[in-house]
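Novice: Quick one: sequence plus predicted model below, questions after.
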Amino acid sequence: MPHKTFFWFFFPTGLAMILFIGLPIVSSFFQSLHIETEQILMEVENCDPFGCETNVRVDLEATAKLKEQNPLGRFNGFGTYADRNHLAFDEIGEAWKSSSSMSDFKDIVLNLPFYKALLFTLTFCFAVTPPVIILGFFVALSINTLAKIMKGPTIFGAILPMIVTPLIGSLVLFWMIDSQGIIGATIQILFDDQNLSLKASSNLTWITLIIYGIWHNTPFAFVVFYAALQTVPHDPIEAALIDGASRFQRVRYIVIPHLYPVATFIMLICLMDNFRVFEPIIGFSAEGVAQSLSWMIYQDLRNENKMLFGSAGATSMLTIVGIAILLTPVLIRTWREFRTER
Amino acid sequence: MQNELLIEKVHFARKKYLGGNKMKNIFYAIIFSLVSSGLFAADPCNVSSGKINILANEFTTYRIFMDEVQSCAGSDADFSVTHSVDHNKLQVAALSANPAEFSAKLVTNGSITPLMNEGLIRPLDDLVAKYGDNLNENQKITIDGKIYAVAFMANAQHLWYRESILNDLGIAVPSTYEEVIAAAEKIKASGKMANPYAGAFKSGWNLGQEFVNMYLGHGGEFFKSGSAQPNVNNAKGVAALNVIKRLTELSNPDFLTQDTNAVKEEWESGNVALMHVWNSGAASLLDDEGDQAIKADTRLAPSPSVGGGSKPATTLWWDGIGIATNTSDENAEASFRALVGAASSSELANNNPNATVWLIKGYTPGDTAGPVVDAASRGATPYPSFPHMSLMHGALSAELVEFLQGNESAEKALADVEAAYIAKATEQGFL
């Protein structure tokens, strides 16, 4: 494609990306460098049904004046990035000095909010993505061999988990695993333990969330694999058949190599999606034991208080950096393949 | 620096209790009565112009109240209400927009501070003078001499118990948390119930509130005298956490996911014999739906004290109406009229005497008001209304879970609370 044609072809998409993705990222970055202006307090007398008392309140006029001077808030540089709720450099430095063993140090670090969230996010990512790819592949293979008349309804059934809104899907499952729900009660009977509850321990909650993640994401992998399966050339397969290759051999030596680039694509998208895991945490009321980076951003903006734009902006930036780091190996690999094909 | 001095002064003034307040109140009361009797009393109901759009918490008493608001607004009114248990999380964002998403918000002494901090609710003196003839003086919530909210009910968390179960096992009604724990252990040992105790321990606001109750019950103060510096990592905080831990061990293992509504369902299913929830729960627990045998067996008791203290380990709350700053005067007036019509309807109060403790004029308290009155008379403190209290509550909400799961010590959890609070308070400009 000539460069000029490509430019005009890409222009509308590029413009939309700059407007709706690029600029907000720049704005979040600027916001993350600032914290709120100082709150000026004043003494007031409050009366309610329980009596009167002297208290303090925020002096709105004085605070508004400060805000007018600095609409973005006080400049804090990378202070927010370094504070305890984010990268926590001071706390980690101290932990390094004070901890006696490596596991001690690890405990302290993983107790900090950002690293706690990062640990869950990465665990979720790496526990969900491989099973999604493998399961999606097998579902696609199986459905591809079905009789034509059966294909439609089966495909519909198979992509249902993706169609169901994540929040609804997780809520349904949440009620089913309740100690009085069908799955929860069955598990209690099976293990003969009245106190066994999937919601009570962090490990079981994590496993539940991961199983939900696999259930929800598999249809995506399936759809892409299924589409790719339609493009597998017939000639080599027929040739292999004549040579007496078994079904396993045909899949192993013809289908899988053909689908390899597609698998890379699915892995990229899945890693990106799962790094932003959020809805299941809300749906499963799992905030107590499983926090993700997206949940941290939500918490900063919905914390029963003022919205902490600086803190949310910093976490957003760190999430973007995280996704970039996560995808680099895959992208480098794709780039190499692209080069060698030339 | 300036802030610290101010807060110090306030702590001092609170301790010595200002006698002058009462005089000032009476003075205001006289002024208001003069103003209002001089005017022709306007009927707040039957609103025909303006838009009424209310954000409110979700529980039965509020539903009852909102039905009255809607009927007061009349059939011509453009009326809508959003009930959400996440109302606290929505309110600041929703009312910051201009025009605001909602014209009115049902506030409490807890949720009003974030709104006041940002100036998101407006003074109501004019509207009260115009439509507030039938309000009690103590319904008017004044801050710095201006009315910012009109309260319609008082609420507190207190003990509930199943009489037959306590009687069968010969257990006296517990009056301290130590007795509650002993009673729950006895019920558990008897095999009647696997998890006899329940409280709203859902991680988040509810769990934070449980600590607030227990810490105040131990006589704790959330901030160092004279500053916005946190003060929870001490012996009282540890003691409070240990009591909560014992209680959760006697609760359903899913306690971290159970909010007040979930606890009430547990109660109505007959799984629980002792619980510490809101007085307003009576509206759904004592209604005609559900298992009537359990309802007949349900008793209310005062909130227990803890750790040898005399104060009950609970907080006093009022619930009232606030009107958004960022809404047109027309919408504000329409919303205020409908809401204040309900907030001064003795009919509403006396038709639902047990739905809560109404503050409405002409209300004769029902059988269930006792525990709230008891809490007030035994010196329970109102929920702290410092501008930075919601930050402390937020830190408590997030950092106590690991202790309750046995993954870290009480001291570590409280140190985390303080560190999380400091990080957020610094970012918000309080420290």
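Specialist: Everything's here; your move. Numbers count the residues shown, from 1 in each chain, chains lettered A, B, ... in the order given.
Novice: domain ranges for chain B?
Specialist: According to automatic domain parsing, chain B is divided into the following domains: B:2-155+B:316-377, B:156-315+B:382-428.
Novice: Roughly how far does the residue in chain A that chain B sits nearest to sit from residue B:266?
Specialist: Closest approach between chain A and chain B, counting by CB to the nearest CB: residue A:288, at 3.0 Å. (C-beta placed from N, C-alpha, C; glycine too.) The span separating residue A:288 from residue B:266 equals 18 Å under the rule CB to CB, to the nearest Å.
Novice: returning to that earlier point: shouldn't the residue of chain A closest to chain B be in contact with residue B:203?
Specialist: Yes. Counting by CB atoms under 8 Å, a contact exists between residue A:288 and residue B:203, whose distance comes to 3.0 Å.
Novice: Find the helix or strand that the nearest residue to residue A:140 once chain neighbours are set aside is a member of.
Specialist: Of all residues not flanking residue A:140 in the chain, residue A:225 sits nearest, at 3.7 Å (CB to CB, 6 or more residues apart in numbering or on different chains). Using DSSP states H and E, residue A:225 sits in helix A:202-229.
Novice: if we can go back for a sec, neighbour-wise, which of residue A:288 and residue B:266 wins?
Specialist: The residue with the greater number of neighbours, taking residue A:288 and residue B:266 and applying other CB atoms under 10 Å in any protein chain shown, is residue A:288; the counts read 25 against 19.
Novice: any residues in contact with both of residue A:288 and residue B:203?
Specialist: By CB atoms under 8 Å, 6 or more residues apart in numbering or on different chains, residue A:288 and residue B:203 have these common neighbours: B:256-257, B:401.
Novice: count of residues packed around the residue nearest to residue B:151 when sequence neighbours are not counted?
Specialist: Excluding the flanking residues, the one nearest residue B:151 by CB to CB, 6+ apart is residue B:320, at 3.7 Å. One way to gauge burial is a neighbour count; for residue B:320, by other CB under 10 Å, it gives 24.
Novice: which residues does the closest residue to residue A:174 other than its chain neighbours contact?
Specialist: Leaving aside its chain neighbours, residue A:174 sits nearest to residue A:284 (5.0 Å; criterion: CB to CB, 6+ apart). Under the criterion of CB under 8 Å, 6+ apart, the contact partners of residue A:284 comprise A:170, A:173-174, A:199, A:205, A:208-209, A:212, A:290, B:257.
Novice: repeat that for 10 Å
Specialist: Taking CB atoms under 10 Å, 6 or more residues apart in numbering or on different chains as the criterion, residue A:284 is in contact with A:170-171, A:173-174, A:177, A:198-199, A:205, A:208-209, A:212, A:290, B:257.
Novice: Pick out the most distant pair among the residues you listed.
Specialist: Based on CB to CB, the longest span within the contacts of residue A:284 runs between A:171 and A:290 and measures 15.8 Å.
Novice: residues contacting the nearest residue to residue A:78 once chain neighbours are set aside?
Specialist: On the basis of CB to CB, 6+ apart, the spatially nearest residue to residue A:78 that is not a chain neighbour turns out to be residue A:33, at 7.2 Å. Contacts of residue A:33 were listed using CB under 10 Å, 6+ apart, and they are A:72-81, A:310, A:313-314, A:317.
Novice: for the residue nearest to residue B:332 when sequence neighbours are not counted, helix, strand, or coil?
Specialist: By the measure of CB to CB, 6+ apart, the closest residue to residue B:332 outside its immediate chain neighbours is residue B:323, 4.9 Å from it. Here residue B:323 is recorded as strand under DSSP: H, G, I helix; E, B strand; the rest coil.
Novice: do the same with residue A:54
Specialist: The local conformation at residue A:54, judged by three-state DSSP, is strand.
Novice: Show me what it is bridged to.
Specialist: Residues found in beta-bridge contact with residue A:54 (criterion: DSSP bridges) are residue A:45.
Novice: thinking again about what came up before, for the residue nearest to residue A:140, what are its contacts?
Specialist: Under the criterion of CB under 10 Å, 6+ apart, the contact list for residue A:225 reads A:133, A:136-141, A:143-144, A:255, A:259, A:262-263, A:266.
Novice: how near is it to residue A:218?
Specialist: Counting by CB to CB - residue A:225 and residue A:218 are separated by 10 Å.
Novice: now residue A:259
Specialist: Noted for residue A:259: a distance of 16 Å to residue A:218, by CB to CB.
Novice: More neighbours: the two, which one.
Specialist: When neighbours are counted by other CB under 10 Å, residue A:259 and residue A:218 differ, and residue A:218 comes out ahead with 25 against 22.
Novice: and residue B:299, that one's in a strand?
Specialist: Yes. The assignment for residue B:299, made by three-state DSSP, places it in a strand.
Novice: Specify the beta-bridge partners of it.
Specialist: Under DSSP bridges, the beta-bridge partners of residue B:299 are residue B:161.
Novice: and it, how many neighbours does it have?
Specialist: By other CB under 10 Å, the burial measure for residue B:299, its neighbour count, is 13.
Novice: Least confident secondary structure element in chain B?
Specialist: Ranked by mean pLDDT, DSSP states H and E, the weakest helix or strand in chain B is helix B:20-38, scoring a mean of 42.
Novice: State the mean pLDDT of whichever helix or strand residue A:119 is part of.
Specialist: With secondary structure defined by DSSP H and E, residue A:119 is part of helix A:113-144. Averaging pLDDT along helix A:113-144 yields 94.
Novice: what's the very next helix or strand once past it packed up against?
Specialist: Sequence order places helix A:148-163 as the next helix or strand after helix A:113-144, per DSSP H and E. Of the remaining helices and strands, those touching helix A:148-163 by 3 or more CB pairs under 10 Å, 6 or more residues apart in numbering or on different chains; DSSP states H and E are helix A:113-144, helix A:166-176, helix A:202-229.
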